[in-house]
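Peer 1: make a model of this:
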Amino acid sequence: MNSNPRFISLRIKLAIGFALAFTLASGLTTYIYYQNGRAQLMSDIRARLRDAVAIGALQVDAEAHSQLTDPSQEGGPTYMRLKKTLQNIRDAGTNVRFVYTMQQDAQGNIIFVVDAEETEEDVSHLGDVYDDASPWLKANFSTIQSPAVEDQMYTDKWGTWLTGYAPFYLPNGKREGLLGMDISAQIIIDQDNALLRRSLLIFLVSMLGGLGLGLIFGTALTVPLSKLRAGADRLSSGDFTHRVNTRTNDEVGILGNVLNATAGKIQDLVTSLEQRVEERTLALSRKTSQLQAATQVARQAAAIKDTATLLNDAVRLISDQFGFYHAGIFLLDENGDNAILQAASSVGGQQMLARGHRLQVGKQGIVGFVAAQKRSRIALDTGADAVYFNNPDLPETRSEAALPLIVRDRVIGVLDIQSKQPQAFSSEDIETFQTLADQLALAIENARLLQDMNNAVQQLQQVASERAGEAWKEIAQAQGYAYRYTPLGIQPATKEYSPTDETGRLQIPILLHNHKIGEIKVKRKEEAGTLDSREQAMLKEIATQVALALENARLLEEAQQRAAYERSLGEIAARIDSAHDVDAILRITAQEIGKAIGDSEIMVQINPTERKTA
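Peer 2: Numbers count the residues shown, from 1 in each chain. Here you go, the predicted structure:
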């Protein structure tokens, strides 16, 4: 049995399906029956009403009716005799509520003449205008020559009605008036509701019958399928010895045979799958360990910015994390002809480093092969690999893997890993190691770029320091700025100030980029004592700020001079460009150079020379 609370058996589904189909058919049939019955009901009611009003019109005395022309005649013998006739017509009819006669006056208004009712709230008096007449009656009153029934029920102040009309005539054939007969809409609605109840009862009985037939057919069809499901449940629970016996010669029997055959095959597959799952689990565990180790190596390598430290730590981490007895990193020289060992984790590798071990690219060993081909290479049995380089410093190697270090499609080196075990590497291992090699290559390249950038920055700082020192040396030689402050005030110093008495004297150098460009000399009076540490620190800070301010001022003055130079040069070029003949160009050139240089004799001439021939 299925424990799913939402499970619905096939038998129930088939029963519901049959029931729904039968219900749909029954519902459609019932609907058609109801619509046709409703239409027939309305047709019958209209026909009966038309016949009743036609018969009633024949009983009306038209000559007596024509004598009722004044409201005062209401209650007279003629009026009462006609009223009695209408009451007899009303009482003889089935479901008839009101019977009355009407005429049309000279103004075209529809007026009541005789009404069968006695109560004041229902009766219409002689001469009363029928204000609530339906649009149909107003439009057709003068043209009704035979019995007729309104198209729709109509609501006036007395209620909602279905009304029929029939004319009655004088002996000379002139139409005297219309006989009106009303049937209450509620009577029609009640009959319609009764028809609806009969239709719903028919539909309910049909639906229940369809549900019963559905259950019968569903049960008959699902018994063999239930056996198949029970057999499938046994198989899903692990009982592969169970066999299904349907004993039918149809598709269900074929399906049972297929299920039995499948059970036998599943039993065979389970054993093999368990073995494969165990193998894959071991492989996945190894792969996971390798990826974790590779991630740790790459993370630690990425944090190291010094190239030498990076290489040494990388080979050590690879040996520690993966358990290989030797790991080495080779980097190509500038020409790319040789792979030079830069770091190694084994004792033999350290010996190779000491003597500057290198391999020719494309000619020596697996490392040289990988550097030339840009692809990894494995030697699962070093004794049988023709490319393997037999290294006396690593005599225990039985398998080797070399992976290229590639940055921007350029080989910068090779990662070499060696193991004491034969067949130590697989294709999956190489994928992991290649990923590690790519990350190491990026880390090495980043460390190189960082070191190159630091060297460039240091060189730029050195050049800037030297240029600043030379500039201030020229300024000191040319002008020799100096100022001296005494109790008498501030004044320029015409020569280097050097107190004769060294007692209490303090000299603070003004340093710019570690170059001395000046100094601050302080000489205190003897009674004031020497400068304390706080005052000395303040003087040193002042000296630092003075150096920065002086350098900023020099740079600003230099920039202003350069701008003035560029502006003057541009103005001279513009004036020369404004000339349009040779004489004017030479004259303006000489004039502008003289103005720019000042107090000089300038000559500009054209003096072509002959071309020299060999």
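Peer 1: what's the following helix or strand after the helix or strand bottoming out on mean pLDDT in the chain?
Peer 2: Taking mean pLDDT, DSSP states H and E as the measure, helix 251-302 is the helix or strand of the chain with the lowest mean score, a mean of 70. Downstream of helix 251-302, the first helix or strand assigned by DSSP states H and E is helix 307-322.
Peer 1: distance from the centroid: which residue in this structure tops it?
Peer 2: residue 77 (94.4 Å; C-alpha atoms, centre = their mean).
Peer 1: for stretch 413-425, buried residues please.
Peer 2: Of the residues in stretch 413-425, those scored as buried under the neighbour-count criterion (16 or more other C-beta atoms under 10 Å) are 413-419, 424-425. (Each C-beta comes from the backbone N, C-alpha and C, glycine too.)
Peer 1: output stretch 468-475 as CSV, restricted to C-alpha atoms.
Peer 2: Included here for stretch 468-475 are C-alpha records, laid out as CSV according to Å, rounded to 0.1, in the frame of the first residue of the first chain:
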residue,chain,number,x,y,z
ALA,A,468,65.6,67.8,-6.2
GLY,A,469,69.1,67.8,-4.5
GLU,A,470,70.7,69.2,-7.6
ALA,A,471,68.0,71.8,-8.0
TRP,A,472,68.4,73.1,-4.4
LYS,A,473,72.1,73.0,-4.8
GLU,A,474,71.9,75.3,-7.8
ILE,A,475,69.4,77.6,-5.9
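Peer 1: what number of residues lie near residue 149?
Peer 2: Residue 149 is flanked by 19 other residues according to other C-beta atoms under 10 Å.
Peer 1: tell me what it is bridged to.
Peer 2: Note on residue 149: beta-bridge partners by DSSP bridges are residue 164.
Peer 1: what residues are up against it?
Peer 2: With contacts defined as C-beta atoms under 8 Å, 6 or more residues apart in numbering, residue 149 is in contact with 46, 49-50, 53, 162-165.
Peer 1: switch to 10 Å and redo it
Peer 2: Shown in contact with residue 149 (C-beta atoms under 10 Å, 6 or more residues apart in numbering): 45-50, 53, 136, 162-166, 181, 183.
Peer 1: most widely separated two among the buried residues of stretch 413-425?
Peer 2: Within the buried residues of stretch 413-425, 413 and 424 form the most distant pair, 22.1 Å apart (C-beta to C-beta).
Peer 1: run through the residues that contact residue 537.
Peer 2: residue 531.
Peer 1: distance of it from residue 543?
Peer 2: Residue 537 sits 11 Å away from residue 543, taking C-beta to C-beta, to the nearest Å as the criterion.
Peer 1: on that earlier part again, my read: the residue farthest from the centre of the chain touches residue 68, true?
Peer 2: No - proximity of residue 77 to residue 68 does not meet the contact threshold set by C-beta atoms under 10 Å, at 11.1 Å.
Peer 1: what's the local residue count around residue 162?
Peer 2: By the other C-beta under 10 Å criterion, the neighbourhood of residue 162 contains 22 residues.
Peer 1: with residue 27 instead?
Peer 2: Residue 27 has 15 neighbours, counted by other C-beta under 10 Å.
Peer 1: quick revisit: name the nearest of the buried residues of stretch 413-425 relative to residue 372.
Peer 2: residue 414 (10.1 Å).
Peer 1: Three-state assignment for that closest one, please.
Peer 2: The assignment at residue 414 comes out as strand when based on DSSP: H, G, I helix; E, B strand; the rest coil.
Peer 1: how about the helices in the protein?
Peer 2: Under the criterion DSSP state H, the chain contains helices at 10-59, 62-66, 77-92, 135-140, 185-236, 251-302, 307-322, 347-354, 365-373, 427-478, 533-578, 582-597.
Peer 1: so which of these is the most packed in?
Peer 2: helix 365-373 (a mean of 22; mean count of other C-beta atoms under 10 Å).
Peer 1: helices or strands up against that one?
Peer 2: In terms of contacts (3 or more C-beta pairs under 10 Å, 6 or more residues apart in numbering; DSSP states H and E), helix 365-373 is packed against strand 326-332, strand 338-344, strand 358-360, strand 377-379, strand 399-407, strand 410-419.
Peer 1: can you redo these as CSV with mean pLDDT and distance to residue 84?
Peer 2: Formatted as CSV, the helices and strands packed on helix 365-373 follow (pLDDT from 0 to 100; distance: least, C-beta to C-beta, whole Å):
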stretch, mean pLDDT, distance to residue 84
strand 326-332, 91, 131
strand 338-344, 91, 134
strand 358-360, 89, 139
strand 377-379, 84, 127
strand 399-407, 89, 123
strand 410-419, 90, 126
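Peer 1: can I get those in JSON lines with distance to residue 194?
Peer 2: Rendered in JSON lines, the data for the helices and strands packed on helix 365-373 read as follows (distance: least, C-beta to C-beta, whole Å):
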{"stretch": "strand 326-332", "distance to residue 194": "100"}
{"stretch": "strand 338-344", "distance to residue 194": "104"}
{"stretch": "strand 358-360", "distance to residue 194": "109"}
{"stretch": "strand 377-379", "distance to residue 194": "95"}
{"stretch": "strand 399-407", "distance to residue 194": "93"}
{"stretch": "strand 410-419", "distance to residue 194": "97"}
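Peer 1: out of the ones you listed, which gets nearest to residue 21?
Peer 2: Across the helices and strands packed on helix 365-373, the minimum distance to residue 21, taken as C-beta to C-beta, is reached by strand 377-379, at 69.0 Å.
Peer 1: per-residue confidence averaged over stretch 420-440?
Peer 2: Along stretch 420-440, the predicted confidence averages to a pLDDT of 82.
Peer 1: no, scratch that, I was asking about stretch 111-124
Peer 2: 88.
Peer 1: start to end distance for that stretch?
Peer 2: Distance between the boundary residues of stretch 111-124 (C-alpha to C-alpha, to the nearest Å) amounts to 9 Å.
Peer 1: how about it: buried residues?
Peer 2: Buried residues in stretch 111-124, counting neighbours by 16+ other C-beta under 10 Å, are found at 111-117, 123-124.
Peer 1: and if you look at stretch 511-522?
Peer 2: Going by neighbour count (16+ other C-beta under 10 Å), the buried part of stretch 511-522 is 511-512, 515, 517-518.
Peer 1: from the residues you listed, which is closest to residue 91?
Peer 2: Among the buried residues of stretch 511-522, and counting by C-beta to C-beta, the member closest to residue 91 is residue 512, at 133.3 Å.
Peer 1: mind listing what the closest one touches?
Peer 2: When contacts are counted by C-beta under 10 Å, 6+ apart, residue 512 touches 464-465, 468-469, 471-472, 518, 544, 546-548, 550-551, 554.
Peer 1: tell me the domain ranges of this protein?
Peer 2: Annotated domains of the chain cover 48-192, 286-453, 481-571 [automatic domain parsing].
Peer 1: mind putting those in CSV, distance to residue 460 included?
Peer 2: Listed next are these as CSV, based on distance: least, C-beta to C-beta, whole Å:
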stretch, distance to residue 460
domain 48-192, 103
domain 286-453, 10
domain 481-571, 11
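Peer 1: for residue 235, which of these is the nearest?
Peer 2: Judging the domains of the chain by C-beta to C-beta, what sits closest to residue 235 is domain 286-453, at 33.8 Å.
Peer 1: and residue 362, how many residues sit next to it?
Peer 2: Here the number of neighbours of residue 362 (other C-beta under 10 Å) works out to 14.
Peer 1: re earlier: residue 193 is nearest to which of the helices and strands packed on helix 365-373?
Peer 2: It's strand 399-407; of the helices and strands packed on helix 365-373, that one is closest to residue 193 (C-beta to C-beta) at 90.0 Å.
Peer 1: and the closest one with strand 338-344, angle?
Peer 2: Counting by axes from the mean of the first three to the mean of the last three C-alpha atoms, to 10 degrees, strand 399-407 lies at 110 degrees to strand 338-344.
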